[in-house]
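Visitor: This is a predicted model, with the sequence first.
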Amino acid sequence: MLLTIPDVLTPEQVQIIRSRLDAAEWVDGRVTAGHQSAMAKDNVQLPEDSRVAREVGEVILNELGKNSLFVSAALPLRVFPPLFNRYSGGQSFGTHVDNAIRQITGTGHRIRTDLSATLFFSSPDEYDGGELVVEDTYGIHTVKLPAGHMILYPSTSLHHVLPVTRGARVSSFFWIQSMIRDDAQRTLLFDLDVATQRIAADVPTHPSAVQLTGIYHNLLRRWAEM
Ligand code: NI
């Protein structure tokens, strides 16, 4: 499932973060790429241990923890500390698949990448190109979102970023290990959650609302890995 999470950050938060990112020191993006993707990757990144990356990353994770759409869709177990990249002057990232397992730098922890996320910090009118293109079983999806919005997509998908031919595309990217490894099962749970909440909101006393909530939790109990 490919899902937009709108307004992860407010315009005020985006503005403050953007001025911090614009003033930061950026390095060659190949530092976090695997062997295959290093050949395809051309951008700059904030060093993982940079203070700006850590502090802004904490703001993002804090907001996501309160975002019910994100929690319902991702059912997160662990979230990789957000990384930051910037494309300009024709830079791009060719077709690749994200590494399945990632070590969290400076810790002994590893996460399995079930979901990939990109949170946009540039508004679409600031740059040309730079679309994230995701290929899944339903076809090819082109993504370019307003600043503060985030796209969530299965890490199993092939994807690339088109060359940025004007301006700069600044974003945060990271991965989520979900309690539900399988994308199809996770999508079913999300659809069931959305439908159940709609019934509960429209007809609060409807007995099926309780029954559907029970089914949701019993499926989650059956499938969740912790
Ligand atoms: Ni990628």
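Guide: Received, thanks. Residues are numbered from 1 along each chain as shown.
Visitor: What average pLDDT does the lengthiest strand in the chain get?
Guide: If each strand of the chain is counted by residues according to DSSP state E, the longest one is strand 168-178. In this model, strand 168-178 has a mean pLDDT of 98.
Visitor: and it, what other elements does it pack with?
Guide: Applying 3 or more Cβ pairs under 8 Å, 6 or more residues apart in numbering; DSSP states H and E, we find strand 168-178 packed against helix 11-22, helix 51-65, strand 76-79, strand 83-88, strand 110-112, strand 115-120. C-beta coordinates here come from the backbone N, C-alpha and C atoms, glycine included.
Visitor: Which positions in the second one come out as buried?
Guide: It stands for helix 51-65. 52, 53, 56, 57, 60, 63, 64 (16 or more other Cβ atoms under 10 Å).
Visitor: One more: the first one?
Guide: Of the residues in helix 11-22, 13, 14, 17, 18, 21 count as buried by neighbour count, 16+ other Cβ under 10 Å.
Visitor: I'd like the distance from it to the chain centre, please.
Guide: 18 Å (Cα atoms, centre = their mean, to the nearest Å).
Visitor: One more: the longest one?
Guide: For helix 51-65, the separation from the chain centroid amounts to 13 Å (computed by Cα atoms, centre = their mean).
Visitor: Would you mind writing the CA trace of it as CSV?
Guide: Provided in CSV are the C-alpha atoms of helix 51-65 (Å, rounded to 0.1, in the frame of the first residue of the first chain):
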residue,chain,number,x,y,z
ARG,A,51,23.1,17.5,16.0
VAL,A,52,20.5,18.9,13.5
ALA,A,53,19.7,15.5,12.2
ARG,A,54,19.2,14.1,15.7
GLU,A,55,17.1,17.0,17.0
VAL,A,56,14.9,17.3,13.9
GLY,A,57,14.6,13.5,13.8
GLU,A,58,13.2,13.6,17.3
VAL,A,59,10.6,16.2,16.4
ILE,A,60,9.5,14.0,13.5
LEU,A,61,9.3,10.8,15.5
ASN,A,62,7.4,12.6,18.3
GLU,A,63,4.8,13.9,15.8
LEU,A,64,4.4,10.6,14.1
GLY,A,65,3.8,8.9,17.5
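Visitor: Centroid-nearest residue for this structure?
Guide: residue 117 (1.3 Å; Cα atoms, centre = their mean).
Visitor: my read: that one touches residue 178, true?
Guide: No: Residue 117 is beyond contact range of residue 178, at 11.6 Å (criterion: Cβ atoms under 8 Å).
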